[in-house]
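Novice: Based on what follows, work out the 3D shape:
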Amino acid sequence: MKLGFGANIKSSIHHDNYSLDFDGVDQYITMDGAASSINGAVGTISAWVKLETTSAGCIVLRTQVDGTTNNYIAMWYHASNNQMYMTHKGGGTSTHAVISSGDTIENSGSVHHLVGTWSESADEVKIYLDSELKATTNSLGTYSGTNSICDIGQNTQSANFWNGLINEVGVWDAVLDADAITAIYNNGKNINLTRDVGSYDNAGDLVGYWKFEEGTGTSVADSSTNSNTATLSHSSLFSTTT
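Specialist: Numbers count the residues shown, from 1 in each chain. Now for the predicted structure:
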C-alpha cells in the first residue's frame, strides 16, 4: 500500500550539516563520471540553492555530450533577465522552461528548492520553485549522444560561476510528478532521497545524489547506487549554512 503524502516523512528527514558556498569567481564541482548516467531524453534535477548578487549567467548543474553544444541539459540563472531556466537542448533545438523575474531568486536572502524535468516522449520541459510548478514548455528536440561532461556551479561554455549556496543535488532518469516534488520539498526540510517515503516513490530512479556532508576535503560522495564521486575545485567550499 502506498503511503499518502506526509506519512513517515519525519523519519526520512536527515541531518543537513553542510552545503557548498561558491564565490562566483572560480569555484565549481566536476563530476564527469556521473554524466553518462544522465539521460538526455528524460530526467529530473533537484537542488537547494541560495543565489547572491551576480552579473553573469551561472549554472546550478549542466551536463552535455562532449565536443558539441547541440546536446545538453542545464539548470541555470539568466542574470540579464533575472530568471531561472531549465533547458533541454537536443539536436540543436533549445527548449526552456523559465521562472519569471517576478519570483525573486537572486539576493532573496532565502534558500530555495529548484526542480527541473524534461521528457522527449511527453514533449515537455518543466521548472518548479519551492514545490510550485512555474512553467511548462513544449517542442523538444531529439537528444543525440551520451553525456560525458557534468559540472555544478560552472558554465563550461562561458567560464561563469555560481555565487552562493548549492546543496542536496539529486538527478533521476525519470520525470518526478508534482506529488513527489512536494514530498521532497517537505516544507523546506530535506529528506533522504535514497528512500521511498510518502508520495516520493522514485528512489529507484535516482542516478546521482550529492549531499555535501563531508565538511572538508575536495571529494564528495554520490549516495546513489552509482557512487560517482565528485571533485571540488577548492577545499574551502564547505559551509555550515544550509
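
Novice: Would you mark the buried spots in stretch 99-109?
Specialist: Ile99, Ile105, Glu106 (16 or more other Cβ atoms under 10 Å). Bear in mind the C-beta positions are built from the backbone N, C-alpha and C, glycine included.

Novice: Sort out for me which of the residues you listed are in helices.
Specialist: Using DSSP state H to define helices, no part of the buried residues of stretch 99-109 is located there.

Novice: export the residues you listed to CSV and tack on pLDDT and distance to Gly92?
Specialist: Conversion of those to CSV gives the following (pLDDT from 0 to 100; distance: Cβ to Cβ, whole Å):
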residue, pLDDT, distance to Gly92
Ile99, 98, 24
Ile105, 94, 28
Glu106, 94, 29
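
Novice: Can you flag which of these belong to strands?
Specialist: Among these, the members falling in strands (DSSP state E) are Ile99.

Novice: Among the buried residues of stretch 99-109, pick out the one closest to Gly215, please.
Specialist: For those, the closest approach to Gly215 (Cβ to Cβ) belongs to Ile105, at 26.4 Å.

Novice: and the closest one, what does it touch?
Specialist: Val49, Leu51, Tyr77, Asn82, Met84, Ile99, His112, Leu129 (Cβ atoms under 8 Å, 6 or more residues apart in numbering).

Novice: circling back: a markdown table please, covering the buried residues of stretch 99-109 and showing distance to Asn190.
Specialist: Formatted as a markdown table, the buried residues of stretch 99-109 follow (distance: Cβ to Cβ, whole Å):
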| residue | distance to Asn190 |
| --- | --- |
| Ile99 | 21 |
| Ile105 | 19 |
| Glu106 | 22 |
